[in-house]
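Visitor: Give me coordinates for this.
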Amino acid sequence: MRQNIPDDYICKLMKYPVPKYQVLLFLVALSCGLLPAFAVHAQEYAVPLPGMRNGQGHSSIALKPTTLSLPFFDDFTDESSQPNSSLWRDHQVYLSNTLSANQFSRGFAVFDANNYQTIPYDSLIPNHRIWADSLTSQAIDLSTYTPADSLWLSFYYEPQGNGYLPKPEDSLILFFYNSTGQWVRAWSTGGDSINIFKQVMVPVKDTGLFNNQFAFRFVNRATHGISNSNWNVDYVYLNAQRTYQDTGISDIAYTQNSSNLLNDFTAMPYGQFSTNPSRFLADSIHAFLKNNGLTATNISYGYSAKELLTGTSFGSANASQGFTPDQQKSTAFSMFAFSNFFPPSSSGGRAIFQTKYFAQPVYPNEPSANDTITQIQDFSNYFAYDDGSAEKAYFLHVAPDAPGITATEFALYKKDTLRGVAIYFPRTVPPSNNKEFSLIVYKRIAINGNSSDQIIYQQDYYLPEFQDSVNKLHTYRFDDAVAMDTGVYYIGLMQSAGGFSDSLYIGLDVNREGGNHRYFNVDGYWEPSALPGALLLRPVVGPALPPTGLNEVGGLQVVATSMLYPNPASDKIYFKSNNANFQTVSYQIKDLSGRTLMSGAVRNGGEINIRRLSPGMYIMQFTGKNGRKGNVKFVIAGRGS
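Guide: Just a heads-up that it's a prediction; the model follows:
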């Protein structure tokens, strides 16, 4: 069975014999597309994913009425995931602190192959090389300068990071805007396998650049599918009286994200946590601090912790230690006490803890925003192993005659009610909108001496839902509340056999350390996953969820009470439902690529003429009363003459 996989990937795959039912597990680097070369890892395979984008703000921002003056500097340490609109006039890139392991200051700008709503610039054609993200400065007044003032623009860039390696023909390009209204190429580089931040120094010396509307723009060229061209950019600095040797950074900065308060889960309900806090808490807390300067120095640092909904303080501490030049250290403190804290009744049992780490500056005029870093521990209504960001994606290659199931283990420490599962599905090229899946709740799966699975709930006919925002999960509600006792459970995501739902991407947090609590089953037996990382898949528990908006699709179990007949069909199909929500429905008939071919409305028992459609498999998606939705697959058989 051939999937939507580029031809040259198929050729590479043939070099490694794959058993008939073997799972293919792809880690696909954040830039929406399909597959490149891969690394073999036992029975699982790792390659890069589909992408993400900041869904806030706008793709383009108006030019500021007043121009900027020198110096221009941005180290992208804003708490927002958007570039600072006082410095930048467009928002096609987003800010991250997880798509690299090599950052020397928290925060950097990420370029990939999707727009600001996470939608691929070309959502239909894999392997298509495109102009992708751009990052454009606001206008800068250089009219009082001349080439003799020695203006240089410097920045750091990193190909791939934790994302996807650009191909050699992909590129990151810098343009300057001159007095004639033209964007002139000032620097560029092709795809590079050296996955570190490198500094670039670019002189501003053309006389046509010295005007009051000078600007500069970074743009990446990307190839959907084979390469999605991830680039990270940081420390952008433009000033006069510089030389090509002005490359030093004298700065004390926090770098990678600080540690989680919990030792296994990254999030859980406070009611579950409070059954035995010491069981779940890490032994210590820490952040990563770096001396980016060229001088050995002693750095003073500390932390403070509080609960945000009540303002309750949970302690603080200070320390200091010596750092050699370019040295990074973990700054650790003992875990603070959680005893005798109860969430306010108005919060519905929710508690939000903030741990803020801070360092004292050492160097004159060093940037100050990166001297602090904050960790938020949200005790809400879900369990999670991920940190909220997907750097890559995970999927199963399903066998032609057996379903594929991914199961994530979690546990309840007191009785609770399971209401649904929140999942992040990255967008893919071609789209995966019509790939059905089921959610299964297991009390037991056939591992560790268990001879069989024990299913306590199953809901079918879900379809992926995509949020126009970076890393935003969608909650798939269960039609029935699932009352659960204490103990271990497994949340399974099942894709049907036959290839229709093959290669359904799930967001994967690659920064997850420790056990991944994940198992897979593609040929009738369970195996523990050998790949690190946590799926962005979260069981949602507690009181009933608030009513959904019409754009939030819950379970599509209603399909079990709605049908099309005859199936296979020829010229006509009839819609039949015994569900009160579907006595009259609007519908769309789509092919397997997601294209809408027909639409209309039909009553229960009504007829739909499908003579215009060619033989093949289709999906009818329909919406009834109160926005309830469903979908049914049907087949049009070959017609006689």
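Visitor: Under the pLDDT cut-off, which ranges of this structure? List them.
Guide: Scanning the chain for pLDDT under 70 picks out 1-63, 116-118, 122-128, 224-228, 468-469, 498-501, 513-515, 547-562, 592-593, 638-641.
Visitor: And the helices in it, which stretches?
Guide: 7-14, 270-273, 277-280 (DSSP state H).
Visitor: Figure out the length between the terminal residues of stretch 221-235.
Guide: 21 Å (C-alpha to C-alpha, to the nearest Å).
Visitor: no, scratch that, I was asking about stretch 132-146
Guide: Per C-alpha to C-alpha, stretch 132-146 runs 33 Å from first to last residue.
Visitor: any idea what sits nearest the residue nearest the centre of the chain, other than its immediate chain neighbours?
Guide: Note on the chain: the residue nearest the mean C-alpha position is Ala390, at 3.4 Å, using C-alpha atoms, centre = their mean. Residue nearest to Ala390 in three dimensions, not counting chain neighbours: Gly507, with 3.0 Å by C-beta to C-beta, 6 or more residues apart in numbering. To be clear about C-beta, it is placed using only N, CA and C from the backbone, and glycine gets the same treatment.
Visitor: tally of neighbours for Phe176?
Guide: Under the neighbour criterion other C-beta atoms under 10 Å, Phe176 is assigned a count of 20.
Visitor: before we move on, back to that, contacts only, for the residue nearest to Ala390.
Guide: Counting by C-beta atoms under 8 Å, 6 or more residues apart in numbering, Gly507 makes contact with 386, 390, 393-394, 423-426, 471, 535-536.
Visitor: do Ser432 as well
Guide: Ser432 touches 425, 464, 503-505, counting by C-beta under 8 Å, 6+ apart.
Visitor: and if you look at Asn626?
Guide: Contacts of Asn626 (C-beta under 8 Å, 6+ apart): Asn581.
Visitor: so how far is Asn579 from it?
Guide: Asn626 sits 12 Å away from Asn579, going by C-beta to C-beta, to the nearest Å.
Visitor: Quick check: the residue nearest to the centre of the chain touching Leu536?
Guide: Yes. The pair Ala390 / Leu536 is scored as a contact, 5.3 Å apart, by C-beta atoms under 8 Å.
Visitor: tell me, what's touching the two both at once?
Guide: 424, 471, 507-509.
Visitor: how about those residues in a markdown table, adding distance to Tyr357?
Guide: Below are those laid out as a markdown table (distance: C-beta to C-beta, whole Å):
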| residue | distance to Tyr357 |
| --- | --- |
| Tyr424 | 27 |
| Asn471 | 23 |
| Gly507 | 27 |
| Leu508 | 27 |
| Asp509 | 21 |
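Visitor: Which pair of those residues spans the longest distance?
Guide: Asn471 and Leu508 (11.5 Å; C-beta to C-beta).
Visitor: Name the residue in the two with the higher neighbour count.
Guide: Leu508 (32 against 26).
Visitor: you'd agree that one is up against Lys392?
Guide: Yes. Using C-beta under 8 Å, Leu508 makes contact with Lys392 at a distance of 4.7 Å.
Visitor: Identify the residue nearest Val541 in space, chain neighbours excluded?
Guide: Asp416 (4.6 Å).
Visitor: Then Pro159?
Guide: Using C-beta to C-beta, 6+ apart, the nearest residue to Pro159 is Asp192, at 4.6 Å.
Visitor: I'd assumed Ser171 was in contact with the one you found.
Guide: No. Using C-beta under 8 Å, Asp192 makes no contact with Ser171, being 10.1 Å away.
Visitor: All the strands of the stretch 251-400 of the chain, in order from the start?
Guide: 252-254, 284-291, 297-307, 313-323, 328-334, 351-359, 372-379, 392-394 (DSSP state E, counting those that start in this stretch).
Visitor: Highest mean neighbour count out of those strands?
Guide: Of the strands of the stretch 251-400 of the chain, the one with the most neighbours on average (mean count of other C-beta atoms under 10 Å) is strand 392-394, at a mean of 30.
Visitor: Run the chain-centre distance for that one.
Guide: Its chain's C-alpha centre and that of strand 392-394 lie 9 Å apart, by C-alpha atoms, centre = their mean, to the nearest Å.
Visitor: Pairing partners for that strand, with directions?
Guide: If you go by DSSP bridges, strand 392-394 pairs up with strand 506-509 (antiparallel).
Visitor: roughly how far out does the partner strand sit from the chain middle?
Guide: 7 Å.
Visitor: now the strands for the stretch 101-250 of the chain?
Guide: Using DSSP E, counting those that start in this stretch, strands in the stretch 101-250 of the chain cover 108-111, 129-136, 151-159, 171-177, 183-190, 198-204, 215-223, 231-239.
Visitor: now the third one, how far from the chain's geometric center?
Guide: Looking back up the chat, that one is strand 151-159. 26 Å.
Visitor: Taking strand 215-223 as reference, get the angle to it.
Guide: Interaxial angle, strand 151-159 versus strand 215-223 (axes from the mean of the first three to the mean of the last three C-alpha atoms, to 10 degrees): 20 degrees.
Visitor: Now do strand 151-159 against strand 198-204, angle only.
Guide: Using the same axes, to 10 degrees: strand 151-159 against strand 198-204 is 150 degrees.
Visitor: between strand 151-159 and strand 171-177, how many degrees?
Guide: Going by the same axes, to 10 degrees, strand 151-159 makes 160 degrees with strand 171-177.
Visitor: who touches stretch 292-306?
Guide: Taking C-beta under 8 Å, 6+ apart as the rule, stretch 292-306 contacts 104-105, 248-253, 285, 287, 289, 291, 312-326, 331, 333, 336, 353-360, 362-363.
Visitor: same thing but at 7 Å, please
Guide: With contacts defined as C-beta atoms under 7 Å, 6 or more residues apart in numbering, stretch 292-306 is touched by 104, 248-253, 285, 289, 291, 312-326, 331, 333, 336, 353-360, 362-363.
Visitor: Strands of the stretch 501-641 of the chain, residue ranges please.
Guide: So, for the stretch 501-641 of the chain - with DSSP E, counting those that start in this stretch - the strands run 506-509, 518-521, 526-528, 534-535, 537-541, 562-565, 572-577, 584-590, 596-603, 607-609, 616-623, 629-636.
Visitor: Please tabulate these in a markdown table, including the columns distance to Ile119.
Guide: What follows is the strands of the stretch 501-641 of the chain, written out as a markdown table (distance: least, C-beta to C-beta, whole Å):
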| stretch | distance to Ile119 |
| --- | --- |
| strand 506-509 | 16 |
| strand 518-521 | 28 |
| strand 526-528 | 35 |
| strand 534-535 | 22 |
| strand 537-541 | 22 |
| strand 562-565 | 30 |
| strand 572-577 | 31 |
| strand 584-590 | 18 |
| strand 596-603 | 17 |
| strand 607-609 | 30 |
| strand 616-623 | 19 |
| strand 629-636 | 21 |
